[in-house]
Structures are given as structure tokens and as C-alpha cells.
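In: Sequence first, predicted model second:
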Amino acid sequence: MSKVPYEVYTEEVEALSVLSPDGEIINKDKLPELTDDQLKEIMYRMVFTRTWDDRAVNLGRQGRLGFYAPVSGQEATMIGSEYALQKEDFIAPGYRDIPQIVWHGLPLYQAFLYSRGHQHGGQVPDGVNVLMPQIIIGAQILHAMGIAMGYKLKKQKQVAITYTGDGGSSEGDFYEGLNYAGVYKLPVIFFVQNNGYAITTPFAKQTAALSIAHKAVAAGIKGVKIDGMDVLAVIKAVQEAAERGRNGEGATLIEAVTYRFRPHSLSDDASKYRSKEEEGEWNAKDPIARFAKYLEKKGLWTEEDTARVKEEAKAKVNEEIKKAEKTEKMTISGLIDSMFESTPKHLEEQKADFK
Amino acid sequence: MAQMNMKEAIRDALRVELKRDPNVLLFGEDVGHVGGVFRATEGLQKEFGEERVFDTPLAESAIGGLAVGLGVQGFRPVAEIQFVGFIFEALDQMAIQASRMRYRSGGRYNSPIVFRTPFGGGVKAAELHTDSLEGLLAQTPGIKVVVPSNPYDAKGLMIAAIRDNDPVFFMEHLNLYHAFRAEVPEDDYTVELGKANVVREGSDVTIITYGMMVHTSVKAADELEKTKGIKVEIIDLRTVSPIDIDTIVASIQKTNRAIVVQEAQKSSGVAAEVIAQINEKAILHLEAPVLRVAGPDTVYPFAQIEDTWLPTPTRIIDAVNKVLEF
Ligand SMILES: Cc1ncc(C[n+]2csc(CCOP(=O)(O)OP(=O)(O)O)c2C)c(N)n1
């Protein structure tokens, strides 16, 4: 029986958790239905993503990647939320949300190309329903809302999910998106990864609201707050939100409370604004460690499994970064030709300046 | 053929396309039930239903973002921003998101969107309803900017814009909505985007202009012909991005003199771009510098003085005389 006040109205609420920090089920009602193989797959993806993030940071230092926003600590929100979706559902990510689009089908080498500033990085293969990562904070929220309206007009039972951070929840586009989704009852999920900081600005300076989930109330959509270090809580919340969307019940705002272990980007120093104690507290809530405890108790996972996945991930990352490095460079004439469906004459002429 | 004013011609274009292609959607603030504050979309919701023609909440960025998302889904949104001064609220979605969707996705997605906006001075509208922001939009790579000057062009350009797979910014001059009627075919036809129109032939000087200023220039040209026998050629750009420089060069080769007339503030806008291109392609055909007749570089004024702020036939005549006497 759930004691967690799941619906948000006007009081501060505890975030929904399914697993305790020791990996015990504390909320049986909200346990998502998953087979043992699925549980192992989720763990595989989280460990893989952590390894890839570690490698990406190194690759960044070596100058082999461009802009990269680390994700370690947010594996539960990223992997869990994507895993709860169907292949045909659409993902509109922010700049940090690369794992979601990769696990949804964007080849990893293309994610690396995106980071390296190569246009092919955003050239999503047919049949993969994702947008490229968005730099303008909040813009993608509106695209997801439009994509969701597309599903509704086409009478397809799919949903769109979009991600932003606690900082992003302050943007005008966030409110406009929530409001439209409420008015048109759109099958869209607004997933806020509240990791406590927007670059250096702490959550307390972001909003005076009791929670981000509260903001759903004003838009007339459902708002829920969840423990973002608990992958099972994430999966359950997104499954329920997706079901609501598919059933024509409209949009959901999910606030997942999480933490990124590394700084905002490779060029920041987190020690300037975060304390060691705080980092230690959150390290103890590591989503991978917590889920591992649960799986180990069920006899589904061992340390050897983690070691094996890490090796696999390293090999795969090496292969994919090499593929990215070998991809032919962009050209100015190719760039010019990508502006319009058919290149206007004045742009054709401008190619001559770069011969 | 029917007689239509520009507003009716635009409505007719929208109707033709809504009927032809089920993916065309029309939305914006107040465009559905009443058909917009100018009734340009009147009756379309009744004819095509609320799924195709609908009112949005009051939020311009969301109108733009909705259009971008629907474009990704294969729809062809025609999104209205109620008045030009409010496009800034939506500028990220129009000038950044829609315009670079094709580039960012390496061609996987595009933005087959038309953004419609009424604009243009001389109607004593409220502040920020009239400004000429086409130059600002024209500087954005990846979008086309259309400014029709008459009902026939407006319908043909609108249909072409809706069928275009890239974002088109379609600016409708307030002073032209009801200014006059003209013959407009009832069936469907297009006017090519990026193609200018020689609206009056002449041999002495070329006026390059667009929108309402086509009509002000015609007045000036009539006067010049009547009083001094000067034969003015007038080019209506119709699309201010891209600019049809070939038509301009061909005319300058004949007249050897030109001025550019725009309603917008003088600096850095469409006129400056036209002159830069003339400089690149036809400088040796010129007998005089190309002059600009434009608004001064101030904010668009309150209604009291807009009639003197906007280019007048007298100021155009002065500029023509200057290039002829150079
Ligand atoms: C419109 C806009 N304003 C500012 C920035 C610069 N910027 C990049 S990330 C960031 C902080 C975002 O914080 P949050 O939404 O909490 O996401 P997090 O990085 O913590 O996941 C800022 C201010 C931007 N990219 N876009």
C-alpha cells in the first residue's frame, strides 16, 4: 500500500521511490512489471552509459570530442525514462540527453559526430524518432508539444517525451509548452531532471515554488515528483504518463530529483559551487549501485557482470569514436546545400568563394 | 476571374491549399472562430473543422514551436503571428529553430512552415503593430521572406509558400488588405518565390521596391512622367530574401540609374542589401550612386507623424532627380 502522496497540489511532497537506498522494495504498488531479462537489460544500459560517460570525459580532454555535457549520476532518469517508451514514441532532448536518443536508435558514432560539430551527427536515421539535441534551453519543449499534436491529429497512439533541467523549467517556453499541452490535451511527457544546479545556480535560486511538479497544476495537467536516483520509480512514472497519453488523458509533468556527479560541462569546475559533503551524500545514492544491490539480491547480477559490461562498453566506444573520426569532413558547399531543399542561385554563386 | 482585395486573395489561397492537402493546418491567436482580427481566415474553420483551423492560447513562442513540431510530423503549418511587433516573442522558433531544422538534421527533417504576419505603416495602428522587420528576417539564413504588393501576387505567392518545403515568412501589409480589388483567378496557381516583377517599364531610372512602396513609387513615377517626361521602370521584389538580382541588373543595364525605396528604417536592411548586390554585379552600368528612400533610423513613430515618416512620392521624386542630375 502506497503511503507516498503521489499527486501534487499545494504542499511539499515526498518524491516517489520504489527502491530503498539498500535496494529493498519499499513501494510494492509502484513496482513496474519487468521480466528478469528486462531488469538485466536496464542494468546493462546503465553500466554501459556510465562507462561511455567516463570515456567521453577522457576523449574530451584529449580533444577528440567537442562540447560534451557529462551524465554520470543521471543514468536512472535517462535510461529508465527511455526504456519505458515504445520505439515509435518521439524524443525531443536537451543538450545533455544524448543517452536517451542513442538508446532510442541514434548510432553512437553520430552522437560523437554531433559533439565534434559535424552535421551528420544530427542526421537521424529513418525510423528513429528523435530530434537532435537542443542548445536553446526550452525550445525542444515546444517541439515535443507540436510533435504530440501531430500524433493526436494522425490518431496514432504514440507519445512525445521532452527533457529539460531545473534551470530549463524557468524558461518561458516551458510554461507555454505545458499550457498548450493542457489546452489541447496532448500526449506529451515533460520530464524535468532536477539535478540541483543550472550550471552554477542552485535550485533555491531557480524558483520559489515548492516543487517543479507543482507547475503542472497551473497548466491543468498531471504533475508528479519522483526519486530520480531510482530507476524503477522512473520507469513506473514514465509508463503511467505514457499510458495516460495513449489513452487520450493528456500530458504529464514529471520532476525527477537527481544529481550529476560531474560539473555542468567539461570546462567547469564544480568545486567552486558545490561542497564535498554534498557530493558525498549524493554519491551514496548512486542509481547504479542501488539497482545493483536489488539485482544481486535477486541473483540477477554480479560484480563480474559489471566488469564485463564495462569492457564491452569501452570497446564499443573506441570503435564508434574511430568511426566518427573517419567520417568525411563537412564541406562549405555541402553546408550551403543544406540550407534549402533546392539551393537558390545566390547561394550557388557563394560556393565559388570557397573553391 | 473574380475581383478580390488582398485579404480575400490570401484567404482564397489558404482555402485552396486546405482543400488540396489534408496536411495543411492553420492556427494562431483568434484565427479560428472569428477568422482573425482582420478576418483574413474568416469561414475557414467552419469549412475545414477545428482540427485544421484553430485558435491557440496567447503565446507566440509556442505558436512557432508548435509549427516546428508539426512540421517534423509531416504537417504543413500556416501559423499566424497576430502583429509584426510580436514576432520577437517567437523569434527563437522562427529565426533559429525552423530555419535550421534542415541543416541541423542533415536533411532528415525540414520546416515546411509559413509564418504569416500583418505589418506595415500608414494605418494609424497601435504601437508595435506596423514596424517593417523584413530586413531583420531576411538576414536569417534558411528562411525566405515574401512581401506581396497586390491581390494576384498575394494568392500565388501564398500558395507557393505553403507548397515550399522550407520556412517562409509571409508579411502582409496592413494598408494593402483592403486598398483595392484586382482580378484574381479562382483556381490554383503559383507565383514563383524569389522572382521579381517589373510592374512598369521605363528607360530613365529604375526604382526597386516592394510592398506598399510599390504603390507610392507608382504615384511618384506618374508625376515624373507627367511633369518632366521621365520614364521610370519599377521593380517589385515580391520576395526580399532571396533577392532577384538578375531582374534588377537587366533593368539597370537599360536605365543606368537606380534608387531603392523601402518603408523600413534606412540602415542595414533590404535596400542596403540590394545596393550591395548591384555594386557586385552592375557597378559599371551605373551613371550615379544608387540612393535609398527609407524611414529614418528611429523607432517607428506614434501615429501622429507616420505620414511624414514614411517615404512619400515627393521624397521619391527628389531622389530620382538627384540620380538623374548626378
Ligand atoms: C536560452 C538559453 N539560455 C542560456 C543558455 C546557457 N546555458 C546552458 S546550460 C545552462 C543551465 C541549464 O541548467 P538546467 O536546465 O538545470 O540543466 P542541467 O545542465 O543542470 O542538466 C545554461 C544557463 C542556453 N543554452 N540557452
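Out: That came through, no problem.
In: ok, longest helix in the chain?
Out: Using chain A. When chain A is parsed with DSSP state H, its longest helix is helix A:36-61.
In: right idea, wrong chain: chain B
Out: If each helix of chain B is counted by residues according to DSSP H, the longest one is helix B:212-228.
In: Mind listing what's buried along it?
Out: Of the residues in helix B:212-228, those with enough neighbours to count as buried (16 or more other C-beta atoms under 10 Å in any protein chain shown) are B:212-218, B:220-221, B:223-224. Bear in mind the C-beta positions are built from the backbone N, C-alpha and C, glycine included.
In: With stretch B:182-199 instead?
Out: Residues of stretch B:182-199 classed as buried: B:182, B:184, B:188, B:190-191, B:193-194, B:196-197, B:199 (neighbour count, 16+ other C-beta under 10 Å).
In: Closest to the ligand out of the residues you listed?
Out: For those, the minimum distance to the ligand (C-beta to the nearest ligand atom) is 31.0 Å, reached by residue B:193.
In: which residues of the stretch 101-250 of chain B fall in helices?
Out: Using DSSP state H, counting those that start in this stretch, the helices assigned to the stretch 101-250 of chain B run over residues B:134-138, B:151-163, B:212-228, B:245-255.
In: how about a markdown table for the ones you listed, with mean pLDDT and distance to chain A added?
Out: What follows is these, written out as a markdown table (pLDDT from 0 to 100; distance: least, C-beta to the nearest C-beta, whole Å):
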| stretch | mean pLDDT | distance to chain A |
| --- | --- | --- |
| helix B:134-138 | 96 | 12 |
| helix B:151-163 | 98 | 11 |
| helix B:212-228 | 98 | 22 |
| helix B:245-255 | 98 | 7 |
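In: can those go into TSV with extra columns for distance to the ligand?
Out: Listed next are the helices of the stretch 101-250 of chain B as TSV, based on distance: least, C-beta to the nearest ligand atom, whole Å:
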stretch	distance to the ligand
helix B:134-138	19
helix B:151-163	29
helix B:212-228	35
helix B:245-255	36
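In: For residue A:167, report the pLDDT, please.
Out: Confidence per residue is given as pLDDT, and for residue A:167 that number is 96.
In: what are the ranges of the strands in the chain?
Out: You didn't say which chain, so I picked chain A. Listed from the start of the chain, chain A has strands (DSSP state E) covering A:90-92, A:160-165, A:188-194, A:197-198, A:201-202, A:222-227, A:252-257.
In: Chain B was what I was after
Out: In order along the chain, chain B carries the following strands (DSSP E): B:2-4, B:24-28, B:53-55, B:76-80, B:114-119, B:144-146, B:168-173, B:182-184, B:197-200, B:205-209, B:232-236, B:239-241, B:258-265, B:291-295.
In: Mind listing what's buried along the helix-or-strand element of chain B with minimal mean pLDDT?
Out: Of the helices and strands making up chain B, the lowest-confidence element is helix B:306-309, at a mean of 93, by mean pLDDT, DSSP states H and E. Residues of helix B:306-309 classed as buried by neighbour count (16+ other C-beta under 10 Å): B:306, B:309.
In: which outside residues touch that helix?
Out: Under the contact criterion C-beta atoms under 8 Å, 6 or more residues apart in numbering or on different chains, helix B:306-309 has outside partners B:121-122, B:124, B:130, B:295-296, B:298, B:300-301.
In: Buried among these? Make that a ChimeraX selection.
Out: A single ChimeraX command selects the buried members of those (16+ other C-beta under 10 Å):
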select /B:121,122,130,295,300,301
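In: thinking again about what came up before, rebuild the strands of chain A as JSON lines, extending it with mean neighbour count and distance to chain B.
Out: JSON lines is the format used below for the strands of chain A (neighbours: other C-beta atoms under 10 Å in any protein chain shown; distance: least, C-beta to the nearest C-beta, whole Å):
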{"stretch": "strand A:90-92", "mean neighbour count": "29", "distance to chain B": "8"}
{"stretch": "strand A:160-165", "mean neighbour count": "30", "distance to chain B": "8"}
{"stretch": "strand A:188-194", "mean neighbour count": "30", "distance to chain B": "9"}
{"stretch": "strand A:197-198", "mean neighbour count": "20", "distance to chain B": "18"}
{"stretch": "strand A:201-202", "mean neighbour count": "13", "distance to chain B": "21"}
{"stretch": "strand A:222-227", "mean neighbour count": "26", "distance to chain B": "19"}
{"stretch": "strand A:252-257", "mean neighbour count": "28", "distance to chain B": "16"}
